[in-house]
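> sequence and predicted structure below; questions after.
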Number of protein chains: 2
Amino acid sequence: MKPVLALCKKLQTQIQSKIDGKTKPIGALGQIESLALQLALITQQRVSSDEQLTQIKLSKPLMLVFAGDHGINRHNLSIAPSVVTGQMVTNFLQGGAAINCFCHSNNIDFKVVDCGILSAVTETDLSESILIEQRLGAGTQDFSAQAAMTFSQVEQGLAYGAQLVECCLEDGSDILLLGEMGIANTSSASAIMAALTTYSVSDCVGVGTGISPQQLNDKVALITQALARFSSDHVEHTTDSVLRVLSEVGGFEIVQMVGTILAAAQRNLAIVVDGFIVSVAAFVAVKLDSNVSDYLIFSHLSHEKAHQLLLAEFQLPDDRKPLLNLGLRLGEGTGAALALPLIKAAASFYNDMASFESAGVTV
Amino acid sequence: MKPVLALCKKLQTQIQSKIDGKTKPIGALGQIESLALQLALITQQRVSSDEQLTQIKLSKPLMLVFAGDHGINRHNLSIAPSVVTGQMVTNFLQGGAAINCFCHSNNIDFKVVDCGILSAVTETDLSESILIEQRLGAGTQDFSAQAAMTFSQVEQGLAYGAQLVECCLEDGSDILLLGEMGIANTSSASAIMAALTTYSVSDCVGVGTGISPQQLNDKVALITQALARFSSDHVEHTTDSVLRVLSEVGGFEIVQMVGTILAAAQRNLAIVVDGFIVSVAAFVAVKLDSNVSDYLIFSHLSHEKAHQLLLAEFQLPDDRKPLLNLGLRLGEGTGAALALPLIKAAASFYNDMASFESAGVTV
């Protein structure tokens, strides 16, 4: 695996001093300033100029929504049957979903990746330009009884995810936004979190989009059953043990997101993380290469209670907390899409705002 | 004073059911949904249709930044001398300030209102289209020693503020965003808050953009001195007593904001409130007419500690809490400008998103 380079801090002092010279009291724009610093460092890394500061580049933001189905949902762990994943993918292709509205409202290009939903969607005129087919199967296996997927599916998924990044680079995107759709994929996400952290299964499981107490109990029991098959109390994870977790309890959309996040960080792109499920994929990517963390922008704090616990595991400073906290619990990338204007505003602040000197302000 | 009509809730059930029929689990978009409800009710009020639902209208969002100077700053209560207010107004006219970047980034029209800064800015080519001169004087009086302004200045200020709303309506704006610039205007805002609430002066005073402990002590002492001149322990405020507070410790920009907020609510416009100082103006407007509250959208929670206390005084439900919490403490309307895309996204969600029925989704 190609290593991810940590952000080079060589120009950090110069970038910070450019930020501090803007016509405003030091630090008065709070997290917008720390975001500008991160974006400037990421851009700097990509242009590979050690000697001079460049403008932050955020051309062609692209939302990738990864869709997949989950065998575990035969136990009825969601408010909806698995067929709804495909119906929602069709809704995405027709432009009628929340994520379509928000991408349209915020000028974000939009693609849906079929990573392995139950039945491939019927081709439409629209699907050609919006739909990317990278199917790993027709839904995963029921992970309470057996591994969700094979090792070779995991490897293929990571490769598919990485492949998307090359297309994005060719199209000139500087920033990727990630979202997901998959009925019951919080079960997979919670299981991954429980396997890779010291939190209990109960801590990692939430009500998702609104399941019953009975469904919640079932969710905990089935995940516990799956983990008993392969988990041990090791504190340190190796690449192999992390890939094993993906194979045992992962989802096709989650694996491909891990691949995309890893490759995007390798290529020094800014990565906007949506809610709980995308955060789990990001966490897996960080477990595979800790430098990935430098490239992540957390868009929102989900209503799903495990999200807060998971975010703590990234051990980020307070000024990298999620940008929004609006009680969202939809997924689809909606939080990431809603946060993009803040990220663009941080770039505009850094690129366009006057300095005390240039504006003739005397403070 | 023309009364503000409370939002008519006649169509609320229909609006809520339109929201609940969108292709997402009930409530899954959190505060975006309650914002859509508020915006739909406001639009409905303006089009005066009792019988059918209309689309949310948010044409031509306009940012008005109100600038004024403060006599109290002869005691050196800010990190900057009063001359900086005018310098920053010039910076606004030249397009170099944070608020210019954010308005540009989010497609917001922008005007600066000179409500009474020390010296009127020199005309420039740009100022013609951006600057509105409604000067009530060359800065207020030092309110620690005497009333900041006369009653007739208060009345003129409210009228000036209302006049802006008529211009906005002629231009076709459906939503107004308010910001302010005025060295030492947190002193005036804190004094107004202390006079109109039961909080102590210390609770109402913060470090502003970064003053020293000595300046903080002076700020508390001078405000306490001013309040001793006219405050009493009455719990209920009359229109006269509220106007008295504005005259004693107000600022020219704060008075004009009160006038704009009142008139905008009378004309059923959505009003986006920036940080602490604009919130104080909104609070005064609510004291003058409690129905104003229905039209307010709080954009961000300021780093200034009194802001949280003041917001509690509005007694709003949790789903109307400020949209952003990014540690901003700049003013200028920056928080309001940053929040606008969320407001537009809420409108897009309401106007454009498919229903379960139209999308053929089976949940």
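Structure's in. What do you need?
> just name the shakiest helix or strand of chain A by mean pLDDT.
In chain A, the helix or strand scored least confidently by mean pLDDT, DSSP states H and E is helix A:127-130, which has a mean of 75.
> strand partners of the helix or strand following it, parallel vs antiparallel please.
For helix A:127-130, the following helix or strand on the C-terminal side (DSSP states H and E) is strand A:131-133. Strand A:131-133 pairs in its sheet with strand A:109-116 (parallel), by DSSP bridges.
> show me the helices in the stretch 51-200 of chain A, by range?
Using DSSP state H, counting those that start in this stretch, the helices of the stretch 51-200 of chain A run over A:83-94, A:98-105, A:127-130, A:151-171, A:185-196.
> please identify the most buried of these.
helix A:185-196 (a mean of 28; mean count of other Cβ atoms under 10 Å in any protein chain shown). (Each C-beta comes from the backbone N, C-alpha and C, glycine too.)
> so what angle separates the directions of that helix and helix A:83-94?
Angle between the axes of helix A:185-196 and helix A:83-94 is 110 degrees (criterion: axes from the mean of the first three to the mean of the last three Cα atoms, to 10 degrees).
> could you export helix A:185-196 as CSV, CA atoms only?
The C-alpha atoms that make up helix A:185-196 are tabulated as CSV, following Å, rounded to 0.1, in the frame of the first residue of the first chain:
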residue,chain,number,x,y,z
ASN,A,185,-25.6,-0.2,7.2
THR,A,186,-25.5,1.2,10.7
SER,A,187,-25.3,-2.4,11.8
SER,A,188,-22.2,-3.0,9.8
ALA,A,189,-20.7,0.4,10.9
SER,A,190,-21.4,-0.3,14.6
ALA,A,191,-19.9,-3.8,14.3
ILE,A,192,-16.7,-2.4,12.7
MET,A,193,-16.5,0.3,15.4
ALA,A,194,-16.9,-2.3,18.2
ALA,A,195,-14.2,-4.5,16.6
LEU,A,196,-11.7,-1.7,16.2
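> got the CA coordinates for stretch A:33-43 in CSV?
Coordinates of each C-alpha in stretch A:33-43 appear next as CSV, following Å, rounded to 0.1, in the frame of the first residue of the first chain:
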residue,chain,number,x,y,z
GLU,A,33,-9.5,30.0,10.5
SER,A,34,-8.3,26.5,11.5
LEU,A,35,-10.1,25.1,8.5
ALA,A,36,-8.3,27.6,6.3
LEU,A,37,-5.0,26.5,7.7
GLN,A,38,-5.8,22.8,7.1
LEU,A,39,-7.0,23.6,3.5
ALA,A,40,-3.9,25.7,2.8
LEU,A,41,-1.6,22.9,4.0
ILE,A,42,-3.4,20.3,1.9
THR,A,43,-3.2,22.5,-1.2
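> in the stretch 251-363 of chain A, where is pLDDT below threshold?
Residue ranges of the stretch 251-363 of chain A with pLDDT under 70: A:363.
> ok, back up a step: mind putting the helices of the stretch 51-200 of chain A in a markdown table, distance to chain B included?
Conversion of these to a markdown table gives the following (distance: least, Cβ to the nearest Cβ, whole Å):
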| stretch | distance to chain B |
| --- | --- |
| helix A:83-94 | 4 |
| helix A:98-105 | 4 |
| helix A:127-130 | 15 |
| helix A:151-171 | 22 |
| helix A:185-196 | 12 |
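> quick one: closest of those to B:A184.
helix A:98-105 (38.3 Å; Cβ to Cβ).
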